[in-house]
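A.B. asks: Need coordinates for the following:
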Amino acid sequence: MGNLLGGVSFREPTTVEDCDSTWQTDSEPEPEEPGPGGGSEGPGQEPEQPAQPPERAGGRPRASSAPDEDAEAAGAEQGGDSTEATAKPKRSFYAARDLYKYRHQYPQNFKDIRYQNDLSNLRFYKNKIPFKPDGVYIEEVLNKWKGDYEKLEHNHTYIQWLFPLREQGLNFYAKELTTYEIEEFKKTKEAIRRFLLAYKMMLEFFGIKLTDKTGNVARAVNWQERFQHLNESQHNYLRITRILKSLGELGYESFKSPLVKFILHEALVENTIPNIKQSALEYFVYTIRDRRERRKLLRFAQKHYTPSENFIWGPPRKEQSEGSKAQKMSSPLASSHNSQTSMHKKAKDSKNSSSAVHLNSKTAEEKKVAPKEPVEETDRPSPEPSNEAAKPRNTEKDSNAENVNSQPEKTD
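C.D. replies: Numbers count the residues shown, from 1 in each chain. This next block holds a predicted model:
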């Protein structure tokens with residue numbers, strides 16, 4: 001085991017940009033946008049390269065009746081108060097790093113390799129063991145808890161069993177999924193059937209219904225009452241994040257986009273659940289592994305987000321990048337032009353200086369040969385040598401002045 005893992009190294013992401021590859025490549029044609037409740041996974045899902053070891057939540061997870069549904073969501077910005085609708089949002093590094101780990105299949109998760117899992121999640125879904133600590137079997141949950149919104153709202157230990165993940169939640173009785181258990185789960189029709197029933201039960205709790213086998217969703221009959229509750233009970237946003245993650249782990253990645261698109265439409269267009277928009281854009285969208293699907297959803301959100309200047313999840317602004325490129329290009333051109341001008345002036349001054357020296361030396365020779373006779377060369381008037389001889393001193397001053405003026409350009 002040591003030899004297998006000893007040579008593996010991962011780069012720790014330190015910024016949101018390190019964790020988010022959504023807009024890295026934007027050259028391929030975009031699939032047609034789905035409707036408010038539609039959407040399908042685009043072909044050619046792009047796996048991202050793992051670059052970071054998973055980080056566990058500090059301390060041992062504990063069973064809790066607190067609103068936070070799993071350890072990775074405790075203390076996060078998800079489910080903030082309604083003032084976020086007026087304040088300019090900020091990207092959360094915590095959210096970006098958490099979903100980066102999820103999309104990359106939890107890189108360097110050595111526990112998944114070593115851990116001897118007893119397949120407790122699969123056994124629970126086969127109705128062979130109850131979930132702990134409550135001691136309730138899956139069949140009882142699906143038959144007796146369905147429609148009991150008070151129980152579903154206030155019990156906080158069932159959600160980790162209904163939607164298991166490869167990360168520990170606050171209920172330490174719930175076991176983490178392993179890759180082996182995931183494969184076994186997908187092959188067990190009984191477990192898959194119950195998993196979809198659990199998904200439908202939770203959608204109904206939120207005021208949403210599953211309309212077909214491809215994952216499309218729509219408003220349920222009780223949507224008004226449940227949307228009002230969802231808009232006010234923001235700890236349920238953490239549950240939605242867990243549900244989306246679990247869908248991807250257990251073979252229903254294609255169900256994510258329709259649900260996220262529906263939520264964005266209700267939050268941004270219909271304004272029925274406005275408080276959810278921050279969590280939808282920071283968390284729900286980034287559970288989707290296909291970056292093309294993420295781009296579709298973010299473009300839709302950007303079209304309807306208000307105020308538009310506060311939308312921070314879109315692509316880098318092209319006009320800014322083009323402006324900076326133009327500025328960088330113009331600066332070298334101006335510097336090159338000034339440099340050429342300076343070199344031309346220096347060459348001309350040097351030529352004038354050498355010409356003056358040549359005239360002076362020639363005049364001296366003529367004086368030695370005929371000191372008493374006047375110079376008769378008509379093409380070199382006598383006044384010019386003295387003027388030309390004076391030019392090198394002025395040229396030197398001009399050159400110094402020019403260098404002083406050109407220094408700030410070099411420092412830029």
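
A.B. asks: Can you report how many residues lie near Ser233?
C.D. replies: By the other CB atoms under 10 Å criterion, the neighbourhood of Ser233 contains 15 residues. Heads up, the C-betas are built off the backbone N, CA and C, glycines and all.

A.B. asks: Enumerate every residue touching it.
C.D. replies: Residues counted as contacts of Ser233 (CB atoms under 8 Å, 6 or more residues apart in numbering) are Glu153.

A.B. asks: how far away is it from Gly169?
C.D. replies: Taking CB to CB, to the nearest Å as the measure, Ser233 falls 19 Å from Gly169.

A.B. asks: now do Leu259
C.D. replies: When distance is defined by CB to CB, Leu259 is 21 Å away from Gly169.

A.B. asks: and what of Ile273?
C.D. replies: Applying CB to CB, the value for Ile273 to Gly169 is 24 Å.

A.B. asks: the more surrounded of the two?
C.D. replies: Set side by side, Ile273 and Gly169 give different neighbour counts by other CB under 10 Å, the larger being at Gly169 (29 against 23).

A.B. asks: shouldn't the more buried one be in contact with Gln160?
C.D. replies: Yes: using CB atoms under 8 Å, Gly169 makes contact with Gln160 at a distance of 4.2 Å.

A.B. asks: and Gly169, what are its phi and psi?
C.D. replies: When read as degrees, to the nearest 10, the backbone of Gly169 gives phi -100, psi -170.

A.B. asks: which parts of stretch 166-182 are buried?
C.D. replies: When burial is assessed from 16 or more other CB atoms under 10 Å, stretch 166-182 yields the following buried residues: 166-172, 174-178, 181-182.

A.B. asks: repeat for stretch 211-225
C.D. replies: Gly215, Asn216, Val217, Ala218, Arg219, Ala220, Asn222, Trp223.

A.B. asks: what's the answer for stretch 262-272, then?
C.D. replies: In stretch 262-272, residues buried by neighbour count (16+ other CB under 10 Å) are Phe262, Ile263, Leu264, His265, Glu266, Ala267, Leu268, Thr272.

A.B. asks: pretty sure the fourth one belongs to a strand, no?
C.D. replies: No: secondary structure assignment (DSSP: H, G, I helix; E, B strand; the rest coil) places His265 in helix, not in a strand.

A.B. asks: which stretches of the stretch 51-200 of the chain have low pLDDT?
C.D. replies: Confidence mapping of the stretch 51-200 of the chain against pLDDT under 70 gives the ranges 51-86, 108-116.

A.B. asks: where do the strands sit along it?
C.D. replies: In the stretch 51-200 of the chain, no strands are found when defined by DSSP state E, counting those that start in this stretch.

A.B. asks: need the contact list for Gly248.
C.D. replies: When contacts are counted by CB under 8 Å, 6+ apart, Gly248 is found next to Tyr102, Lys256, Thr287, Ile288, Arg289.

A.B. asks: and the end-to-end length of stretch 181-195?
C.D. replies: Using CA to CA, to the nearest Å, the end-to-end distance of stretch 181-195 comes to 14 Å.

A.B. asks: and for that stretch, what are the contacting residues?
C.D. replies: Looking at stretch 181-195 with CB under 8 Å, 6+ apart, the contacting residues turn out to be 117, 119, 121-122, 125-127, 138-139, 142, 166, 177, 249-251.

A.B. asks: Tell me the buried residues in that stretch?
C.D. replies: Taking 16+ other CB under 10 Å as the neighbour-count basis, stretch 181-195 is seen to contain the buried residues Glu181, Ile182, Phe185, Thr188, Ala191, Ile192, Arg194, Phe195.

A.B. asks: Equivalent analysis for stretch 147-160, please.
C.D. replies: Of the residues in stretch 147-160, those buried under the neighbour-count criterion (16+ other CB under 10 Å) are Leu152, His156, Thr157, Tyr158, Ile159, Gln160.

A.B. asks: same check, this time on stretch 234-253
C.D. replies: Burial within stretch 234-253, assessed by neighbour count using 16+ other CB under 10 Å, is assigned to 234, 236-250, 252-253.

A.B. asks: Kindly report the same for stretch 201-213.
C.D. replies: The neighbour-count check on stretch 201-213 (16+ other CB under 10 Å) flags Met201, Met202, Leu203, Glu204, Phe205, Phe206, Gly207, Ile208, Lys209, Leu210 as buried.

A.B. asks: now swap in stretch 270-289 and tell me
C.D. replies: Under the neighbour-count criterion of 16+ other CB under 10 Å, stretch 270-289 has 272-273, 275-289 buried.

A.B. asks: Which of these fall in helices?
C.D. replies: Among the buried residues of stretch 270-289, the members falling in helices (DSSP state H) are Lys277, Gln278, Ser279.

A.B. asks: quick one: contacts for Ile273?
C.D. replies: Phe227, Leu230, Asn231, Ile263, Glu266, Ala267.

A.B. asks: For Ser92, see how far away Asp20 is.
C.D. replies: Here the criterion is CB to CB. By it, Asp20 lies 11 Å from Ser92.

A.B. asks: who's more crowded, the two?
C.D. replies: Comparing Asp20 with Ser92 by other CB under 10 Å, the one with more neighbours is Asp20, at 22 against 17.

A.B. asks: what's that one in contact with, if anything?
C.D. replies: Contact criterion CB under 8 Å, 6+ apart gives Ala96, Tyr100, Tyr286 as the residues in contact with Asp20.

A.B. asks: Out of those residues, the closest to Ile312 would be?
C.D. replies: The shortest approach to Ile312 among the contacts of Asp20 belongs to Ala96, at 12.0 Å (CB to CB).

A.B. asks: Find me whatever residue is spatially closest to the closest one, sequence neighbours aside.
C.D. replies: Computed as CB to CB, 6 or more residues apart in numbering, the closest residue to Ala96 that is not its neighbour in sequence is Cys19, at 3.8 Å.

A.B. asks: Need phi/psi at Arg166.
C.D. replies: Arg166 has phi and psi values of phi -90, psi 40 when expressed as degrees, to the nearest 10.
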